[in-house]
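**Q** how would this look folded up:
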Amino acid sequence: MPKRRRTEPMPDVFETFAHRVDEEEHAEVPLKAGHVAKSAGVSLGLMVLTALAFVLGFWTGTQNEPDLAYDHLVWEGIIKVGFAVLCGLLGAAVALALAMLAIGIPWVQRQRERRGR
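**A** The predicted model follows:
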């Protein structure tokens, strides 16, 4: 069944959320070049760490092959490469999650101290 068209005008987003934009406490603070450079360095470091973890996971996956009886040579290749890729993805995900915890927990603690909780 097709949807009916709305006859009333769409709400204006800027009017709906105007109270959030106009508040003084949420005024934009200009970015400092040092903060931007630090954030870019952390992002680049996380990308390199994740890439290394993927490569090490892929290498581990190639060293530990699944013990299966293969019907065809193509399936053997697909399963071996797929297993290695999955090991690489798992390694990258674990490394990224641990890095996010290592970065996020101190950040949350600083935010709580700043707000006086």
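**Q** what residue is smack in the middle of this structure?
**A** Per Cα atoms, centre = their mean, the C-alpha nearest to the average position across the chain is that of Leu96, at 7.9 Å.
**Q** what's the pLDDT at that residue?
**A** Turning to Leu96, the model gives it a pLDDT of 94.
**Q** State the phi and psi torsions of the residue nearest to it when sequence neighbours are not counted.
**A** Setting aside the residues directly before and after it, Leu96 is nearest to Thr50 in space (Cβ to Cβ, 6 or more residues apart in numbering), at 5.1 Å. (Glycine included, C-beta is placed from N, CA and C.) Per-residue torsions, Thr50: phi -70, psi -40 (degrees, to the nearest 10).
**Q** Thr50 against Ala95, yeah?
**A** Yes. In terms of Cβ atoms under 8 Å, Thr50 counts as a neighbour of Ala95; the distance is 5.8 Å.
**Q** one step back: pretty sure the residue nearest to the centre of the chain is touching Leu52, no?
**A** No. At 11.2 Å, Leu96 does not count as touching Leu52 under the criterion of Cβ under 8 Å.
**Q** Report all helices and strands that the longest helix anywhere in the chain contacts.
**A** For the chain, the helix reaching the highest residue count under DSSP state H is reported as helix 73-115. Using 3 or more Cβ pairs under 8 Å, 6 or more residues apart in numbering; DSSP states H and E, the elements in contact with helix 73-115 are helix 33-63.
**Q** Who are the packing partners of the helix it packs on?
**A** Packed against helix 33-63, as judged by 3+ Cβ pairs under 8 Å, 6+ apart, are the following elements: helix 73-115.
**Q** residues contacting Phe83?
**A** Taking Cβ atoms under 8 Å, 6 or more residues apart in numbering, we find Phe83 in contact with 61, 65-66.
**Q** With neighbour count and pLDDT as added columns, please give those residues in a markdown table.
**A** A markdown table is the format used below for the contacts of Phe83 (neighbours: other Cβ atoms under 10 Å; pLDDT from 0 to 100):
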| residue | neighbour count | pLDDT |
| --- | --- | --- |
| Gly61 | 22 | 93 |
| Glu65 | 12 | 81 |
| Pro66 | 10 | 78 |
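**Q** Many thanks, have a good one.
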